[in-house]
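> sequence unknown, structure follows:
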Ligand SMILES: Cc1ncc(C[n+]2csc(CCOP(=O)(O)OP(=O)(O)O)c2C)c(N)n1
Ligand SMILES: Cc1ncc(C[n+]2csc(CCOP(=O)(O)OP(=O)(O)O)c2C)c(N)n1
Ligand SMILES: [Mg+2]
Ligand SMILES: [Mg+2]
């Protein structure tokens, strides 16, 4: 690992596209780092499940989705939300439990949503959100819309029966749904080896002869390329597809840092050169293979930082929900 | 179909064994026919799900099980119970809702049990009983007993998420459990083609690289031979195994006959020579290939009929539960 | 003939709400079928799915011929996968459809409890009203002929405890149609629980589409001595008991809340202020069921009207036994209501 | 530091049942750990499993070091497959083992509701007592720090409605150990629900193995004016409220039923015959929760003792909101009990 990244995607991804992916990943990265930096202040009174290390998956997949395509997310929700185009200010405001949050402070970080861009909610019940994507796909088919639905979930979610039921339904009805599994090999502190017969989630769809691919989720070009195939396949009416993205969860399950890492990580995750960095790799490729100017990339980051600072300021200054509204929103 | 059955099992099954299987199937057949014959009298006030046509599966599988091996059954429970050695009188008494029934009239036909011979209950929630077999297998492993657990279930049960969770757990923990799916292609009146992506339940374990085999469930020798492999595999500590047995449900989902058959059966099931008969085929093989005397077989049947008549008489004459005992048995 | 039907033909005497009147009558199942038919007709967003929806039986007659009329895309069979099926319904509801998810028995909904409790009931609130879930889940309580422990539970006592769900249990053909229409039109998840023994009963059912608002109880029979708050099939039992008691000079006021969530407290408390005595009759277990909620509400809000301890006529707290003699001991009906009423009048 | 822990350190002042006494004390989590340790030690049929059971955190400290002591066969991690895991536990219980199935939150049990309601609760009755299911399901109610709608439900109001389940909610370290031992020793399925905010509290816990019988309430504080039937963490809140009210001359009798099924009616009715006034304080939603059952029971059986309408201090009927200001509005505690008591004394 950690050898110099190679640009396998020359034919597949234009330089502009790669810069776009870079920008998306950098945005997620910088947001997560900022959240982590400020978390100890206890002003974001919400559990946070950082996507640090996993930025390439959301970025590479959502690059192929339009606003009318729908995604469904889980507890590790930040990257999905941002990559799908969710409003940054509203997300940070949600972390600060404010009325201006994307769920008006009712949901917190595990329950992000932005229906305007096709993000229909994050479920904190592991596996619980998967069939919702199937339902969206069913609706697309009935409504004859050329859209796809995407479910993002972790390796542990693939252990739930509802995942299999969902795949089966999707194949049966040939629905335009893509199951994206971010396999980071952990469920909280439990390694996949104590939970699953083998670590290859990509095998599960064999039960139904459903197409699937395993991809290096630390390589944004690879994710982009495979996701392109998957999305096109589904959008063209060929039915569902599963994409297993092998990723690294840089931090602990929730909160900042990974203070207990020595106590639960598998030995191979504790070696000094364990960590791979999809953003840094992308940056190297852009500069070395695509001749992009380093300053241009710095410019992107600077701009993002400004946007992020503004979002935090917005969130901090926003009003809290009104206690009198406690019972609002139970029903429509 | 319906060509003369061939004896593929010459090397695998001794004539004595085949006679044993014949006897077991005949017993199930004759019991079911008797139930059907008397059902219109409304003395058995319980739903009945006849196993007519499916006799070979239970007979072929349970032939390899000892009393300490455990089985778990579903709503179509009669054949499993009988083949595992369940007490006939207690079963018929259960149909008659009597205190002498195997569940003292609390369960009815969908909830048979005979713990003395390793039958630990039938669940009428489709799929609900599957993980119980995994639990029994876990216990065997912890208790270091050389036993196997068997779950009998239908094709529709294989659609439940819990089936997949159960397989996954069994592979993960290498448990001695055999999943026996009786695929009769129907769930009540719904054909498998409207419920599953493909009719091959045998494919489902591929998700976990779990060994599985598909077998002609209308051929008792074939079931016997494959079940032998499966049971030996599990008993030797190699983990779980799935056996898909393709069978024909001769009757409707529940009750006597199949009065609505014209209205729901797939066309291929309505042809005059659709029906195969595992018992008649076995009989032909015994007489033609194994030179067994037809009279001997008639003798077996006559003996069985006597036993069955006695069981019905016993059941009919048995006392009903006491109304005062309504609240008994809630807890132990 | 399916055994549940058999049982009903035997044990449940037909009940005609509009006996002797020369009007169009439908039975309970026909009323539900007509409601679904009209909903499918009027609103292209509505679709219906369920195990056996296209069976010759048509889910107790409630879906007969609808696939032929609306096609397989809008009326379709489903696998034995309650959890993903209801999850799919939820996802499609978010996308603007109006799913009707039909289940033979409430017992089977336990397989989908996570989707019902943690998704359907939560989405609207958790996302501050942005994504309501217009979903109807229908299921039919079984009874008799040894249905036993796993095929006879009503379980509405579970659903009424979960905020975010509306819970409806109609008792007549008229109510069934009107409430089913309301359920489909509602923007929120509705658990619609029928009772198998009601299917035989008939009454006047208007041909046009009509809607019965949730949270409006009906006085099915006015009376002055005792208020009977009766749920589902216990409405019929209570009306029969009322007839019997009338001969003995005891007058029952039978109230059917129709929806348990929302619940019409007013009609109940008003009746109580007149009678001072309460029987709650439910088809569910006693402990922790909705009947307890009714009694608690009355104890809190009708305390000074209550002249006698309220009485719950509910199922004993055991699983349903199979044997018919034990079924007889298990189920509650006319004799239990009569007995409770006589005791209250002593 | 996990966020739930953080929250508790901040918001929940430590509570010491035996303040100032020089005896061995354990906190709630340590007491549970000791009980499980001793059960595993004494009875080879006992095993424990759960997601993250071997984590550095050890399920809030309740399983720390047990794998090391008893091996991976008796203390093991489980996949995210609640349904099959609990189903497996049931099957193993039938085979003579005594599984302890541990879950972080009651919310997640909805995934296994079918196994709990249709199998665990039914097997013994349905098979006439031949196959009891000695199974303990542990889960811990979350609260605070934006746990929100899917990580903070108690849901015991669902389980208490299902015959065949025993339901236990301890409030102190002493009770936790004794009740957990009883649960493991019981031949039947027990739903054992903890509250995350109790884990900090400590009290005297004997070192030996002891068992607290189900169905025996304790009077946590004797009093004369008002009976408070409090469940789980509301016991602590009620004791604090009682201290505050004492200063105002109002005396609360705080009763902890400890097990809701079986439920000790006698202790409650006895107290009521003295006070005539009742507050039921629960950590669950109000409508259709166990508090309704308590009120209904009292209305039926303590009718003539009741001098005022009973009051339920329970959660409002909405999903848990995330924002801390809304959490403040949502949760009930000392001020609500004080207010209810003052109103009852007026
Ligand atoms: C049904 C259910 N069981 C348990 C949990 C507790 N839990 C929350 S997140 C999590 C880990 C999920 O792991 P994975 O799906 O791999 O996602 P990751 O956190 O690795 O992104 C667990 C066990 C839950 N939220 N829902
Ligand atoms: C969870 C659940 N859903 C639905 C039902 C209703 N039901 C009872 S038996 C049955 C058909 C099951 O078919 P299959 O598993 O193939 O077994 P078969 O009857 O063909 O032997 C159905 C749908 C049920 N009992 N449980
Ligand atoms: Mg993971
Ligand atoms: Mg079948």
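Now that the structure is in, tell me what you want to look at. Predicted model only: the values in this text are computed from it and were never measured. Ligands and ions are numbered 1, 2, ... in the order given.
> Neighbours of residue A:297, how many?
18 (other C-beta atoms under 10 Å in any protein chain shown). C-beta coordinates here come from the backbone N, C-alpha and C atoms, glycine included.
> For the residue nearest to residue A:282 when sequence neighbours are not counted, give me its contacts.
Spatial nearest neighbour of residue A:282, chain neighbours left out: residue A:22 (4.9 Å); criterion: C-beta to C-beta, 6 or more residues apart in numbering or on different chains. Counting by C-beta atoms under 8 Å, 6 or more residues apart in numbering or on different chains, residue A:22 touches A:220, A:279, A:282-283, A:286, A:297, A:300.
> Among those, which ones are in helices?
A:220, A:279, A:282-283, A:286, A:297, A:300 (DSSP state H).
> Contact residues of chain A facing ligand 1?
When proximity is defined as C-beta under 6 Å from any ligand atom, chain A approaches ligand 1 at A:49, A:75-76, A:124-126, A:153-157, A:182, A:184, A:186-188, A:249, A:253.
> If we use 5 Å, what do you get?
For chain A, the contact set with ligand 1 under C-beta under 5 Å from any ligand atom comprises A:75-76, A:125-126, A:154-157, A:184, A:187-188.
> Narrow the ones in helices among the contacts of residue A:22 to those that are buried.
Restricting the ones in helices among the contacts of residue A:22 to buried positions leaves A:220, A:279, A:282-283, A:286, A:297, A:300, with burial counted as 16 or more other C-beta atoms under 10 Å in any protein chain shown.
> Spatially nearest residue to residue A:231 (excluding sequence neighbours)?
Using C-beta to C-beta, 6+ apart, the closest residue to residue A:231 is residue A:64 (4.2 Å).
> Correction: the previous question concerned residue A:177.
residue A:137 (3.9 Å).
> Also residue C:252?
Once flanking residues are discounted, residue C:252 sits nearest to residue C:242: 4.0 Å by C-beta to C-beta, 6+ apart.
> Next: residue A:297.
residue A:283 (6.0 Å).
> circling back to that earlier point, would you mark the buried spots in the host helix or strand of the residue nearest to residue A:177?
Residue A:137 is part of helix A:130-143, with elements assigned from DSSP states H and E. Going by neighbour count (16+ other C-beta under 10 Å), the buried part of helix A:130-143 is A:130-142.
> which residue ranges form the helices in the stretch 151-300 of chain C?
C:156-159, C:173-185, C:233-247, C:265-275, C:290-301 (DSSP state H, counting those that start in this stretch).
> would CSV of the buried ones among the ones in helices among the contacts of residue A:22 with distance to residue C:122 be doable?
Shown next, in CSV, are those (distance: C-beta to C-beta, whole Å):
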residue, distance to residue C:122
A:220, 34
A:279, 35
A:282, 37
A:283, 41
A:286, 42
A:297, 42
A:300, 38
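> quick one: the helix or strand following the helix holding residue A:137 near ligand 3?
Where DSSP H and E defines the elements, the next helix or strand beyond helix A:130-143 is strand A:149-154. Yes. Using C-beta under 5 Å from the ion, strand A:149-154 reaches ligand 3 at residue A:154.
> what angle sits between strand A:149-154 and helix A:130-143?
170 degrees (axes from the mean of the first three to the mean of the last three C-alpha atoms, to 10 degrees).
> on that earlier part again, a markdown table please, covering the buried residues of helix A:130-143 and showing pLDDT and distance to residue B:269.
Below are these laid out as a markdown table (pLDDT from 0 to 100; distance: C-beta to C-beta, whole Å):
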| residue | pLDDT | distance to residue B:269 |
| --- | --- | --- |
| A:130 | 98 | 35 |
| A:131 | 98 | 32 |
| A:132 | 98 | 37 |
| A:133 | 98 | 36 |
| A:134 | 99 | 30 |
| A:135 | 98 | 33 |
| A:136 | 98 | 36 |
| A:137 | 98 | 32 |
| A:138 | 98 | 30 |
| A:139 | 98 | 34 |
| A:140 | 98 | 35 |
| A:141 | 98 | 30 |
| A:142 | 98 | 31 |
